[in-house]
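K.L.:
Give the three-dimensional model of this entry:
(3 chains)
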Amino acid sequence: MTFLEYAPAPESTAILNLKPEYGLFIGNEFVAAEGESFSTISPATEKEIARVANASPADVDRAVAAARKAYDKTWSKLSGRDRGKYLFRIARLVQERARELAVAESLDNGKPIKESRDVDVPLVAAWFFYYAGWADKLDYAGLGGNPRSLGVAAQVIPWNFPLLMLAWKIAPALAAGNTVVLKPAETTPLTALLFAEIVQQADLPAGVVNIITGAGETGRALVNHPDVDKVAFTGSTDVGRQIARSTAGSGKKVTLELGGKAANIVFDDAPIDQAVEGIVNGIFFNQGHVCCAGSRLLVQENIHDDVVDRLKSRLSTLRLGDPLDKNTDIGAINSAEQLQRIRELSDIGEAEGAELWTAECAIPENGFWFAPTIFDNVSTSSRIAREEIFGPVLSVLTFRTPAEAIAKANNTPYGLSAGIWSDKGSRILAVADKLRAGVIWANTFNRFDPASPFGGYKESGYGREGGRHGLAAYLKGAK
Amino acid sequence: MSHIAVPKTYKLFIGGAFPRSESGRTYEVSTPKGAFLANAAKASRKDARDAIVAARGAVSGWSGATAYNRGQVLYRVAEVLEGRRAQFEDEIVRQEGVSASAARAQVDEAIDRWVWYAGWTDKFTQVAGNANPVAGPYFNLTVPEPTGVVAIIAPQDSSLLGLVSAVAPALVSGNAVVVVASEAYPLSAITLAEVLATSDLPKGVVNVLTGSPAEIAPWLASHADVNALDLVGAAALDWIDLEIAAADTLKRVYPPENGADAASPSLARITAFTETKTVWHTKALI
Amino acid sequence: MTIERAVSPAQRAIQVLGDDLTETTLKRYLEGIPGIDAVGLEQRAAGLGTRSIKTTSKAWALDKIIELIDLTTLEGADTPGKVRSLVAKALLPDPSDLSTPRVAAVCVYGDMVPYAVDALGAAHSAGTDDGVNVAAVATAFPSGRASLAVKLADTSDAVAAGADEIDMVIDRGAFLSGRFGQVFDEIVAVKEACRRADGSYAHLKVILETGELNTYDNVRRASWLAILAGGDFIKTSTGKVAPAATLPVTLSMLEVVRDWHRLTGEKIGVKPAGGIRSSKDAIKYVVTVAETVGEEWLQPHLFRFGASSLLNDVLLQRQKMKTGHYSGADYVTID
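P.N.:
Residues are numbered from 1 along each chain as shown, chains lettered A, B, ... in the order given. Presented below is the predicted three-dimensional model:
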């Protein structure tokens, strides 16, 4: 064995205290659902982790009713200061149980423990901390003279950052004075259910946070429920469109955080080694299951060969495998379905004539895996340059001038994020000015912070999460 | 011998010019008592399409102008409007059938609102944007930017004030606008267009369509090159269908507002037509 | 205004820059090298530091670290007795465990070289990899503030006394004031002073003193300069200035060495020195080397740790891995 084949460094699952079956979390208790339960599995081993409830429309009714009751009787009557103190408690509990949450997240989602431990869970705590402090300062938020909560928020979140997306939804909603009914994604319910335990430990008034597991039907019932005042959705652009249609005219405030096809623009004066890291981080972090992934590399033509060379070398030390091994860089693809989609689009890429290159990885026998892949010589008219793959697949395109880079970067119905790599400050600022994207990273990528607003232009959705702006989604009269 | 009046022809305002509708159609505008006032152009879907093209073409110049410059232009509009107020008051009296003093009050308020919004161009960014204290070595700034092309169904029961209240805030950040005027009271909208055309406002920044909102609105709602749809004056239309159509391209849609408070001045009206951009930049000494 | 003067025609420099080797062409070349974003570099280094090296990998790494140590004493108070004690430790790091490998070299001041050579006796490898080398600091270490004549004499004395390796310092003042040609010429001259009567050369390590160069871009340029001028190793620090070696700085130097190898096929060595006291830290460097230039560089002729107290911490870790319980200071020897 060579040194680089590092000895196994497994994170123990002994820290977990999972139940074999979970009910719905409504009114501060786990209650049985009407519908049949379903299984959540580890995408790395395909083994069942636990069974969770499938909320029926009647179950959704119960949850919304609990949220409404809590809003009317308790939460809307509490001062901002008191709401904040509950959120601070939650933040602290997340920190206390951080390791447990990270292990559960990696187990259920498939992402490397290194990421859930160092990125996801710390950000979850930070998000609650940040919004806890806003609860009693809404008057200062610049969002209107008399900011008031909306009422009950319906929140549907995706599977790629399960606990983090939960934090992005629940923290600002509660800070602004709303109560919530949240549905985690069908393949990643686990950390949401552990979060429900934290809600109990924080002694949050019953019904302020309700968590109902289920699939598409549950989500639809929740979003379309007549007694919901606000809808917040993160997921695919297609479903976002459906929600925009189904809530039209309902008076519900809607925010959507949808897909993207971000351009990572590397100029010839970029700090090359850090740009290569940024490209790798941009598309292979979280197995590329990131809405803001830098899935299009726009590299200045005169350094194309050098950059692609370096990229391929760099990928040779990426380790794909057991998400619970501390040295794993690339974990499992979240589901068989997603793996199939990635494969299909990858096949299309090949058929379109792009040059395929895949990192050499030992693929485990069980589980869902896709080795980091680069498509070179992709053109702007290729499908793999336009459609979101949501996997560890990078499309490489070139440009000659800054104006061309901007034009290519903007030439998409999406507009979530972008990256700019250059040593020239004036150019970075000018390019940042012109890119039609809600989040722009200069000489870095995939940075997140509760103080920093996140969201898209155009078909990547509307509304922002994080920062002062993240409160607007949950207050009356704020836009 | 008494002077024979030269009646005004009311055409559309697209790309800085006053074309008739490409369909050749017009419709009668009358006083509340039914007396003939004028034939206004009846815009077609192709006019709407041309207006959007003109608006899109104007976005880069208008949004690329300095905030100061935009403020000066909007203030100039107020100046010219003030100078021509008599004509506006006269038109309001004849269209809406209200008293001279009511018309005067409406023009006063329209001018004042225009001045108010002019003063926001170089300030709203300071209020709506901010630095973000992220936990790392980054300079992080959030700024609002214009969303691009805004299609507006203006309040239908007001000839001037409603239109001004809907259009002015969208212009503050640098958007270009295609507005469908009040169907019953379209004349002030075109006279306002004359003011806009002589106020250094670049062509295509505001485009005014007169005619049937019910006919035109669906084309605006479904057009993929429109970024936001303001249905402030669309209460009488099947506006929910419009919102559904707009959802295809995830346009930002704002629902109808009714009553005297419709489109009342606010910062929210400005930021409604902006996108929020956050930029991270590494910060390092060595 | 740079005077258009020719710099010494070091072979590598000619290969890369061509025959027109002047202060200007050298400066343009160095300044044309892509810059470094410190935030990204430090994040990459921190990421490499999260590798979890356990069980068999850890055992391998600990042994490897010992094999790569230049066991060092560089004090004004050094005496023959001190040097003899150091050498004894170098030869027998852990008397309670004879399977412990030997270090790569001992590193001493030039005037202590004879005592080191004497104390090593038959174990002096005289330039080969089996045995322990003698490395001498030279060129008015650590400041480098002396005339060229003095610096060259310092070098040749140490070589004559039996040093296998010379750790020179660059003129940081000259570098920071933009006199790249002068820095270049001095390295070329020192390399020549490493020449022995039989035509062989002592190995030359070029200390950049990264703490004084301050910016990563300066470290990058100085690394390229040192290689172009003929250095066999680039070394971070004298250990007398803080900050000494850091993981990000070492990473940036490994990247230069990697790029030089891509460009020419030639392999240059890297030596971080000073401030690496714990096994935990040293393992991070081992990981960084392996993942940046490859495992091949984890050999004494391509990588060294300039350290003194590191050795004992590694021995304590080795003892824990062997016995299963934590060890203590009484179970490792002082040097």
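K.L.:
Within range of chain C, give me the residues from the stretch 151-286 of chain B.
P.N.:
Residues of the stretch 151-286 of chain B lying close to chain C (Cβ under 8 Å from any Cβ of the partner chain) are B:282-286. Just so you know, the C-beta spots here come from the backbone N, C-alpha and C atoms, and that holds for glycine as well.
K.L.:
change it to 7 Å
P.N.:
Remark: the part of the stretch 151-286 of chain B in contact with chain C comprises B:282, B:284, B:286, using Cβ under 7 Å from any Cβ of the partner chain.
K.L.:
quick one, what contacts the first one?
P.N.:
Counting by Cβ atoms under 7 Å, 6 or more residues apart in numbering or on different chains, B:T282 makes contact with A:442-444, B:137-138, C:37, C:39-40.
K.L.:
do the second one as well
P.N.:
With contact set as Cβ under 7 Å, 6+ apart, B:A284 has these partners: B:137, C:37-39.
K.L.:
quick one: which helix or strand includes it?
P.N.:
When elements are defined using DSSP states H and E, B:A284 is found to belong to no helix and no strand.
K.L.:
Please see if stretch A:90-102 touches chain B.
P.N.:
No - residues of stretch A:90-102 contacting chain B under Cβ under 7 Å from any Cβ: none, with a closest distance of 13.9 Å.
K.L.:
Span of that stretch from start to end?
P.N.:
End-to-end distance for stretch A:90-102: 16 Å, by Cα to Cα, to the nearest Å.
K.L.:
Going along the chain, name the helices of the stretch 251-400 of chain A.
P.N.:
Ranges of helices within the stretch 251-400 of chain A are A:272-284, A:304-315, A:336-351, A:383-386, based on DSSP state H, counting those that start in this stretch.
K.L.:
Surely A:N446 forms part of a helix?
P.N.:
No - assigned with DSSP: H, G, I helix; E, B strand; the rest coil, A:N446 falls outside any helix and is coil.
K.L.:
one step back: now intersect the contacts of B:A284 with the helices, please.
P.N.:
If you go by DSSP state H, the contacts of B:A284 have C:38-39 in helices.
K.L.:
Closest one of the contacts of B:A284 to A:Y6?
P.N.:
For A:Y6, the nearest member of the contacts of B:A284 is C:V39. The distance, counting by Cβ to Cβ, is 26.7 Å.
K.L.:
Once you drop chain neighbours, what's closest to that closest one?
P.N.:
Nearest-residue entry for C:V39: B:T282, 3.8 Å, with adjacent residues in sequence omitted and distances by Cβ to Cβ, 6 or more residues apart in numbering or on different chains.
K.L.:
before we move on, the earlier item: quickly check the contacts of B:T282 for the two that are furthest apart.
P.N.:
Pairwise distances across these peak at 12.5 Å for A:A442 and B:P137 (criterion: Cβ to Cβ).
K.L.:
What does the pLDDT read for the residue nearest in space to the middle of chain A?
P.N.:
In chain A, the C-alpha nearest the mean C-alpha coordinate belongs to A:F161, at 4.2 Å (Cα atoms, centre = their mean). According to the per-residue confidence, A:F161 scores 97 in pLDDT.
K.L.:
right, and it touches A:V119 too?
P.N.:
No - using Cβ atoms under 7 Å, A:F161 makes no contact with A:V119, being 8.8 Å away.
K.L.:
now the contacts of B:T282 as a markdown table including distance to A:H469 and neighbour count?
P.N.:
Supplementary listing: those in a markdown table, determined by distance: Cβ to Cβ, whole Å; neighbours: other Cβ atoms under 10 Å in any protein chain shown:
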| residue | distance to A:H469 | neighbour count |
| --- | --- | --- |
| A:A442 | 20 | 24 |
| A:N443 | 24 | 25 |
| A:T444 | 21 | 24 |
| B:P137 | 23 | 15 |
| B:Y138 | 17 | 23 |
| C:D37 | 27 | 25 |
| C:V39 | 25 | 20 |
| C:G40 | 27 | 24 |
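K.L.:
of all those, which comes closest to B:D238?
P.N.:
Taking Cβ to Cβ as the measure, A:A442 is the one of the contacts of B:T282 closest to B:D238, at 45.5 Å.
K.L.:
The residue nearest to that closest one when sequence neighbours are not counted in helix, strand or coil?
P.N.:
By the measure of Cβ to Cβ, 6+ apart, the closest residue to A:A442 outside its immediate chain neighbours is B:H281, 4.2 Å from it. For B:H281, the assignment made with three-state DSSP gives strand.
K.L.:
so B:H281 bridges to which residues?
P.N.:
A:A442, B:F139 (DSSP bridges).
K.L.:
got the residues of the stretch 201-350 of chain A near chain C?
P.N.:
The interface of the stretch 201-350 of chain A toward chain C, taken as Cβ under 7 Å from any Cβ, is made up of A:270-274, A:277-278, A:317, A:326-327.
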